[in-house]
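model this:
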Amino acid sequence: MNDQARETMLADAAVAALRRGDAPVALATLREMADPPAMLLAQACNRSGDLDGEADALRRILDGDMRNLPALLAMGQNMLRRGDERGSISWLRAALAQAAATGAPPRIQPLLQQAQASLAQSSRRFEDHLTTAIRDLPPLPRIAHATDLLLGKRDLYLQQPSMFYFPGLPQRAFYEREEFDWVAPMEAMTDAIVRELEAVRAQDAEFAPYVQTSAGRPAPNNPLRDDPSWGALYFWQGGAPVEENARRCPSVMAALAHAPIPVIGGRSPMALWSLLRPGTHIQPHHGLLNTRLICHLPLLAPDDCALRVGAETRAWRKGKMLLFDDSIEHEAWNRSGQTRVVLLFEVWRPEIDAEEREALTRLFQAIDAFGPAQVDTGG
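Residues are numbered from 1 along each chain as shown. So this is what the prediction gives:
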């Protein structure tokens, strides 16, 4: 009998021994081979309780094929049997990610389901463990946020402006009204602004679409392009006042004078009434810059309307300013039967000092002078 025939005979004998439940015989048979099949050896070691031998055999497989799905799953279970729960989680997550990316044959599905159950159980134990560690502390929002991120209960959203990124700014989705002394005087003018809104809408019920196709540019990839369901009536646009609207709405212009709005030739101030019809959904997107905050002074704010910025969702409430970083992924919706309208404008980020604001102003003007300014089609 030649060597190859002997190896085949021993492998067949080992498989037969495993099928009849005789793992020690299977393992002894495989060890007579010059080069036993690694997965067969791992199975025999597993059923014999030889965790080290199983791990060695699985490493042989993974050294040659680091994404071998059965080996990843088996290594996860090996770590779990050793009591290394964190090690097990890493292997099982890798296996589930690989299965999601490339698919898995039907015979592997029960093992994947077992891996998912193991991960869910480990996650619960880990959460209980962490909760016990900080149970006696007072409420600390940043600690709670960090813990939720660690546990996978919240997603991580960071600034991703589509045009210009300024480094070193806090990754905050929302800012609070009470942080800015100019907010209260603006909020106090809400009723006067609403009266102007009602008068304008009595004459011009339709606003122009917020997102519009420009003849000299590619069409924006936005489902609400040229759709007045998301409407806009500007008071400042491209750094210049819209005279007719400013004349009709003196309370709006007086209110805007309270805010630290950037003054950048051809770009800012920017201020408008933003209208959202019933049933309208502004899809998730990122704004152009992270050097500003977008401000909403709600004027018409029915229930079932909300703004999500990152992982946090807030509803509009009449006369209560919302301030947020639109370079973080955000979306908005009106699920009510009434129209929502806010006064929308931008202000400098408070962390940017006067010297940096001056430098940014020059920089943005230079960018725009080089070619047509990029139009914000999703703020």
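
what about the helices in the stretch 251-379 of the chain?
Secondary structure of the stretch 251-379 of the chain (DSSP state H, counting those that start in this stretch): helices at 354-370.

what segments of it are strands?
Assigned by DSSP state E, counting those that start in this stretch, the stretch 251-379 of the chain shows strands spanning 271-276, 281-285, 292-300, 305-309, 312-315, 322-324, 330-334, 340-348.

let me have these in JSON lines, adding distance to residue 168, mean neighbour count and mean pLDDT as columns.
No exception for glycine: its C-beta is placed from N, CA and C like everyone else's. Compiled in JSON lines, the strands of the stretch 251-379 of the chain are given as follows (distance: least, CB to CB, whole Å; neighbours: other CB atoms under 10 Å; pLDDT from 0 to 100):
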{"stretch": "strand 271-276", "distance to residue 168": "27", "mean neighbour count": "24", "mean pLDDT": "97"}
{"stretch": "strand 281-285", "distance to residue 168": "24", "mean neighbour count": "15", "mean pLDDT": "95"}
{"stretch": "strand 292-300", "distance to residue 168": "15", "mean neighbour count": "24", "mean pLDDT": "98"}
{"stretch": "strand 305-309", "distance to residue 168": "20", "mean neighbour count": "20", "mean pLDDT": "97"}
{"stretch": "strand 312-315", "distance to residue 168": "22", "mean neighbour count": "15", "mean pLDDT": "96"}
{"stretch": "strand 322-324", "distance to residue 168": "19", "mean neighbour count": "21", "mean pLDDT": "98"}
{"stretch": "strand 330-334", "distance to residue 168": "21", "mean neighbour count": "21", "mean pLDDT": "97"}
{"stretch": "strand 340-348", "distance to residue 168": "15", "mean neighbour count": "23", "mean pLDDT": "97"}
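
and the helix or strand residue 90 falls within, what does it pack against?
When secondary structure is defined using DSSP states H and E, the element that contains residue 90 is helix 85-102. Other elements packing on helix 85-102 under the criterion 3 or more CB pairs under 8 Å, 6 or more residues apart in numbering; DSSP states H and E are helix 69-82, helix 109-134.

rewinding a little: which one, of the strands of the stretch 251-379 of the chain, ends up nearest to residue 72?
Shortest separation from residue 72 across the strands of the stretch 251-379 of the chain is recorded for strand 281-285, at 32.5 Å, computed as CB to CB.

which other residues reach the closest one?
Judged by CB atoms under 8 Å, 6 or more residues apart in numbering, the contacts made with strand 281-285 from elsewhere in the structure are 222-224, 230, 276, 308, 329-334, 378.

now that strand: how far from the chain's centre is it?
Taking CA atoms, centre = their mean, to the nearest Å, one finds strand 281-285 lying 13 Å from the centre of the chain it belongs to.

sheet partners, orientation included, of it?
Each strand that strand 281-285 pairs with, and the sense of that pairing, follows from DSSP bridges: strand 330-334 (antiparallel).

what's the strand it pairs with in contact with?
Outside of strand 330-334, the residues within contact range by CB under 8 Å, 6+ apart are 173, 276-287, 302, 304-310, 324, 340.

swap the cut-off to 7 Å and go again
Outside strand 330-334, the residues that touch it by CB atoms under 7 Å, 6 or more residues apart in numbering are 276-284, 305-309, 324, 340.

give me the angle between that strand and strand 292-300.
Here the directions of strand 330-334 and strand 292-300 differ by 10 degrees (axes from the mean of the first three to the mean of the last three CA atoms, to 10 degrees).

dump the C-alpha coordinates for strand 330-334 into CSV.
Output of strand 330-334 as CSV, limited to C-alpha atoms (Å, rounded to 0.1, in the frame of the first residue of the first chain):
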residue,chain,number,x,y,z
HIS,A,330,-29.3,64.4,10.0
GLU,A,331,-32.8,64.0,8.7
ALA,A,332,-36.2,65.6,9.3
TRP,A,333,-39.9,64.6,8.7
ASN,A,334,-43.4,65.9,9.0
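
just name the most buried of the helices and strands packed on helix 85-102.
Mean neighbour counts were taken over the helices and strands packed on helix 85-102 using mean count of other CB atoms under 10 Å, and the top value, a mean of 21, falls to helix 69-82.

tell me the helices and strands packed up against that one.
helix 51-64, helix 85-102, helix 109-134 (3 or more CB pairs under 7 Å, 6 or more residues apart in numbering; DSSP states H and E).

pretty sure residue 341 sits against residue 301.
No: here residue 341 does not reach residue 301: they are 8.2 Å apart, not a contact under CB atoms under 7 Å.

just to revisit the earlier point, any chance of the helices and strands packed on helix 69-82 in CSV, with mean pLDDT too?
What follows is the helices and strands packed on helix 69-82, written out as CSV (pLDDT from 0 to 100):
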stretch, mean pLDDT
helix 51-64, 92
helix 85-102, 90
helix 109-134, 90
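
for residue 182, which of the ones you listed is the nearest?
helix 109-134 (37.3 Å).

list the helices and strands the closest one packs on?
With contacts defined as 3+ CB pairs under 7 Å, 6+ apart, helix 109-134 has these neighbours: helix 69-82, helix 85-102.

got the angle for the last one vs helix 109-134?
With the same axes, to 10 degrees as the criterion, the two stretches helix 85-102 and helix 109-134 enclose an angle of 140 degrees.

quick check: which of the helices and strands packed on helix 69-82 is nearest to residue 267?
Each of the helices and strands packed on helix 69-82 has some distance to residue 267 by CB to CB; the shortest is helix 85-102, at 42.6 Å.

what lies in contact with the closest one?
Contacts for helix 85-102 (CB under 7 Å, 6+ apart): 67, 69, 72-73, 75-76, 79-80, 112, 115-116, 118-119, 122.

for stretch 145-155, same thing?
When contacts are defined by CB under 7 Å, 6+ apart, stretch 145-155 is touched by residues 123, 127, 130, 156, 311.

now that stretch: buried residues?
147, 154 (16 or more other CB atoms under 10 Å).

so who does the residue nearest to residue 341 when sequence neighbours are not counted touch?
For residue 341, ignoring the flanking residues on the chain, the nearest one in space by CB to CB, 6 or more residues apart in numbering is residue 300 at 4.3 Å. Applying CB under 7 Å, 6+ apart, one finds that residue 300 lies in contact with 339-341.
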